[in-house]
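In: Starting from these lines, generate the structure:
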Amino acid sequence: MPAGARPAPADASADEEQLVRIQQSIQSGDLRGARSELKQALTRLPGEPRIYNLLGAIDAQEKHFAAAETNFRRAIQLAPRFTGAYLNLGRLYQEHANQQWVVEKALDVYRKLLEFEPDHVEANYQAAWLLYQLGKFGPSLEHLERLPAEAQQRAPVLALRGVDNAALGRRALAEAALKQLSAAGDLTEADILPILPALHEHQAGDLATRMLETLAQRGLSSNMGLQALAGLLEKQGRFKEARESLEKDLRIEPPSVPVLTRLAKLAYRTGDLEGAVGYLAHARDLEPGNAAIHFFFGMVCIELKLPPEAKQSLKEAVRLNPDNPYYHYALGAVLLQEKNSDEAIPHFRKYRDSHPADPRANFALGVAYFDAYQLDAARKELEAVASRPETRVGANLYLGRLAVREDNLTEAADRLRKAIASDPSSPEPYAELALVHIRHKEFALAESNLTRALQIAPEHYRTNLNLLMLYQKTNDPRAEQQARQVEQLQKAGEERERLLLHSLEIRPY
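Out: A predicted model of the protein is given here:
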């Protein structure tokens with residue numbers, strides 16, 4: 001008989017048997033039959049607390065919170081030391097503890113139980129857990145100390161002790177508790193996941209990572225735990241280990257698009273572009289209508305120097321999500337690299353329409369117009385942003401190239417010097433200024449600028465091409481070797497235009 005319940009009269013054995021039978025019916029899931037019998041029993045035994053406790057249990061299982069609360073409280077009213085009713089009411093509140101006042105009500109129930117059973121194990125543990133949730137870490141530890149020695153070695157208790165001490169700034173005690181937890185035989189993922197936010201909040205994120213790593217090493221992690229571990233490792237810059245954690249997730253459940261995309265991101269951040277493409281190809285097969293996947297795939301293909309694949313993927317991204325201006329900008333840059341300037345122009349216009357105050361839109365359009373030999377339109381766009389810090393280098397570079405094209409070498413030199421002053425680490429302006437000096441037959445100045453450009457980027461195609469021109473103009477014996485160098489660079493593919501994609505810093509994910 002539950003502690004605190006009223007003893008049944010000796011002649012009420014039939015009622016006792018009925019209550020036992022009803023409890024068995026509830027346990028077997030026959031809630032309707034159990035409720036019917038309880039209503040019948042209530043007519044004979046209106047003051048029996050166990051009937052109300054069982055009715056509350058049925059209400060709780062049927063998600064009738066208010067009715068369950070009323071019945072449990074009625075049972076306690078009839079039997080103030082009815083331990084089972086207190087526990088049921090406390091659990092009911094905890095199942096609905098999404099607001100602080102409910103947590104406080106649950107805590108009050110356990111405290112009242114502890115007034116007459118101060119050593120009750122579950123009541124002390126639950127009180128400790130609720131106090132932790134309320135941010136009262138010291139009182140939480142006090143309840144844990146009341147537990148018997150055996151209970152204090154259980155995984156849930158060790159986890160709670162660890163996070164309480166971490167919250168109180170007792171680092172050594174927190175580490176000691178979590179070290180014991182790592183070796184606990186009853187450790188489960190459910191002991192770790194709920195305490196992760198508090199460990200992070202109280203500057204113990206490394207302990208959170210360590211616990212998740214322990215779960216993974218012991219084979220106790222679900223996909224949720226592995227993904228949580230990957231997220232922590234990624235925040236710490238441990239991209240390779242984060243990727244390994246997610247790879248384990250793939251062995252637990254069939255791959256999902258979010259996991260494959262995260263794996264692609266981690267592979268990309270570690271420089272494994274081929275790996276990123278592999279994950280993205282799988283994700284694309286699962287969700288062919290996901291524009292973001294096509295975009296990511298296309299951007300990685302750009303870095304892999306696969307222009308056809310990049311263009312195809314970016315076109316699909318634009319088709320699926322035609323309102324995304326960054327997709328249009330990236331596609332325009334790829335088309336421009338392919339010397340498809342006429343096709344690139346409307347994509348850059350789309351970006352400018354969405355970001356009219358962004359000078360990089362004018363710059364991109366200016367480059368496209370320049371390549372399309374629409375020189376007046378190019379000059380208008382480039383001059384509009386030649387003084388803006390985001391585009392000063394590129395705009396002056398192209399205005400310099402435009403002046404060279406129009407044979408205005410004085411203006412060209414002025415523009416290119418401005419580009420160099422804005423960014424001395426960019427090889428393009430030096431290479432273009434060298435070309436102006438070659439036309440002026442200022443060969444020493446030309447060689448000086450080309451030397452500087454090669455120091456910055458030894459395999460820059462345009463620099464090497466202009467150096468070949470200088471050697472040929474001056475009958476330099478190094479011309480033959482330089483011609484072979486240019487041929488090799490040309491076979492490898494001229495480098496993509498950095499000033500477009502890099503000026504906008506488009507992220508592939």
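In: Remind me what the helix or strand harbouring Val20 packs against, helices and strands.
Out: If you go by DSSP states H and E, Val20 is part of helix 13-28. Helix 13-28 makes packing contacts with helix 31-44, helix 49-61 when contacts are defined by 3 or more C-beta pairs under 8 Å, 6 or more residues apart in numbering; DSSP states H and E. Just so you know, the C-beta spots here come from the backbone N, C-alpha and C atoms, and that holds for glycine as well.
In: Output these in CSV; the columns should cover mean pLDDT and distance to Tyr132.
Out: Below are those laid out as CSV (pLDDT from 0 to 100; distance: least, C-beta to C-beta, whole Å):
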stretch, mean pLDDT, distance to Tyr132
helix 31-44, 88, 33
helix 49-61, 93, 24
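In: among those, which is the most enclosed?
Out: Each of the helices and strands packed on helix 13-28 was scored by mean neighbour count; the highest is helix 49-61, a mean of 23, by mean count of other C-beta atoms under 10 Å.
In: can you list contacts of stretch 422-429?
Out: Contact with stretch 422-429 is made by 392-393, 396-397, 400, 416-417, 419-420, 453-454, 456-457, 460, 462-463, 499, as judged by C-beta atoms under 8 Å, 6 or more residues apart in numbering.
In: Could you rerun that using 10 Å?
Out: The contact list for stretch 422-429 (C-beta atoms under 10 Å, 6 or more residues apart in numbering) reads 386-387, 389, 391-398, 400-401, 415-421, 430, 449-450, 452-460, 462-463, 495, 497-499.
In: Please apply the same query to stretch 238-250.
Out: Here stretch 238-250 has contacts from 209, 212-213, 216, 219, 221-236, 255-256, 259-260, 262-272, 275, 279, 282, using C-beta under 10 Å, 6+ apart.
In: From those, which land in helices?
Out: Using DSSP state H, the members of these that fall within helices are 209, 212-213, 216, 223-235, 259-260, 262-269, 275, 279, 282.
In: Selection in ChimeraX covering whichever of these are buried, please.
Out: Of the ones in helices among the contacts of stretch 238-250, the buried ones go into a single ChimeraX selection, burial set by 16 or more other C-beta atoms under 10 Å:
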select :209,212,213,216,223,225,226,227,228,229,230,231,232,233,234,259,260,262,263,264,265,266,267,268,269,275,279,282
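In: ok, now which ones touch Ala444?
Out: By C-beta under 10 Å, 6+ apart, the contact set of Ala444 is 437, 474.
In: Report the secondary structure element holding it.
Out: Residue-wise, Ala444 maps onto helix 443-456 under DSSP H and E.
In: Could I get the buried residue list for that helix?
Out: 443, 445-447, 449-450, 452-454.
In: now swap in stretch 346-359 and tell me
Out: Quick answer for stretch 346-359 (16+ other C-beta under 10 Å): 347-352, 358-359.
In: Which element, helix or strand, includes the residue lying closest to Lys315 once chain neighbours are set aside?
Out: Nearest residue to Lys315 in three dimensions, chain neighbours excluded: Leu331, at 6.3 Å (C-beta to C-beta, 6 or more residues apart in numbering). Element membership of Leu331, judged by DSSP H and E, is helix 325-337.
In: elements contacting the next helix or strand after that helix?
Out: Using DSSP H and E, the next helix or strand after helix 325-337 towards the C-terminus is helix 341-354. For helix 341-354, the packing partners by 3 or more C-beta pairs under 10 Å, 6 or more residues apart in numbering; DSSP states H and E come out as helix 307-320, helix 325-337, helix 359-371, helix 375-384, helix 498-504.
In: show me what contacts the residue nearest the centre of the chain?
Out: The residue lying closest to the centre of the chain (C-alpha atoms, centre = their mean) is Gly231, at 6.4 Å. Residues in contact with Gly231 (C-beta under 10 Å, 6+ apart) are 196, 209, 212, 242, 245-246, 262.
In: And for Thr214?
Out: 178-179, 181-184, 187, 192, 220-221.
In: Please apply the same query to Arg21.
Out: When contacts are counted by C-beta under 10 Å, 6+ apart, Arg21 touches 33-34, 37.
In: Repeat that for Glu309.
Out: 277, 297-298, 300-302.
In: Including neighbour count and pLDDT, could the residues you listed go into TSV?
Out: Shown next, in TSV, are the contacts of Glu309 (neighbours: other C-beta atoms under 10 Å; pLDDT from 0 to 100):
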residue	neighbour count	pLDDT
Val277	23	95
Phe297	25	96
Gly298	26	95
Val300	25	94
Cys301	24	92
Ile302	23	88
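In: before we move on, back to that, next structured bit after the helix holding Ala444?
Out: Remark: after helix 443-456, the chain's next helix or strand is helix 461-473, criterion DSSP H and E.
In: buried stuff in the helix or strand that that following helix is followed by?
Out: Following helix 461-473 in sequence order, the next helix or strand is helix 479-492 (DSSP H and E). Using 16+ other C-beta under 10 Å as the test for burial, helix 479-492 gives 479, 482, 485-486, 489.
In: same question, stretch 147-154
Out: Residues 147, 152, 154 are the ones in stretch 147-154 that count as buried (16+ other C-beta under 10 Å).
In: Same question for stretch 185-204.
Out: Judged by neighbour count using 16+ other C-beta under 10 Å, the buried positions of stretch 185-204 are 187, 189, 191-196, 198-200, 202, 204.
In: List buried residues within the contacts of stretch 422-429.
Out: 386, 391-398, 400-401, 415-416, 418-420, 430, 449-450, 452-454, 457, 460, 462-463, 497, 499.
In: coming back round to it: reformat the contacts of Glu309 as CSV; add secondary structure and distance to Leu55.
Out: What follows is the contacts of Glu309, written out as CSV (DSSP: H, G, I helix; E, B strand; the rest coil; distance: C-beta to C-beta, whole Å):
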residue, secondary structure, distance to Leu55
Val277, helix, 61
Phe297, helix, 59
Gly298, helix, 63
Val300, helix, 62
Cys301, helix, 65
Ile302, helix, 67
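In: Closest one to Leu314 out of those residues, please.
Out: Using C-beta to C-beta, Gly298 is the member of the contacts of Glu309 that lies nearest Leu314, at 3.9 Å.
In: What sits closest to the closest one if chain neighbours are left out?
Out: The shortest distance from Gly298 to any non-neighbouring residue, by C-beta to C-beta, 6+ apart, is to Ser313 (3.4 Å).
In: Retrieve the pLDDT associated with Leu489.
Out: pLDDT, Leu489: 86.
In: follow-up on the earlier one: which strands or helices does the helix holding Leu331 pack on?
Out: Packing partners of helix 325-337 (3+ C-beta pairs under 10 Å, 6+ apart): helix 291-303, helix 307-320, helix 341-354, helix 359-371, helix 498-504.
In: which of those helices is buried the deepest?
Out: By mean neighbour count, with neighbours taken as mean count of other C-beta under 10 Å, helix 359-371 ranks first of these at a mean of 25.
In: which other helices and strands contact that one?
Out: helix 325-337, helix 341-354, helix 375-384, helix 392-405, helix 498-504.
In: how does it look with 6 Å?
Out: Applying 3 or more C-beta pairs under 6 Å, 6 or more residues apart in numbering; DSSP states H and E, one finds that helix 359-371 contacts helix 341-354, helix 375-384, helix 392-405, helix 498-504.
In: Averaged pLDDT, that helix. What do you get?
Out: In the prediction, helix 359-371 has an average pLDDT of 93.
In: Centre of the chain to it, how far?
Out: Centre-to-centre, helix 359-371 and its host chain are 34 Å apart (C-alpha atoms, centre = their mean, to the nearest Å).
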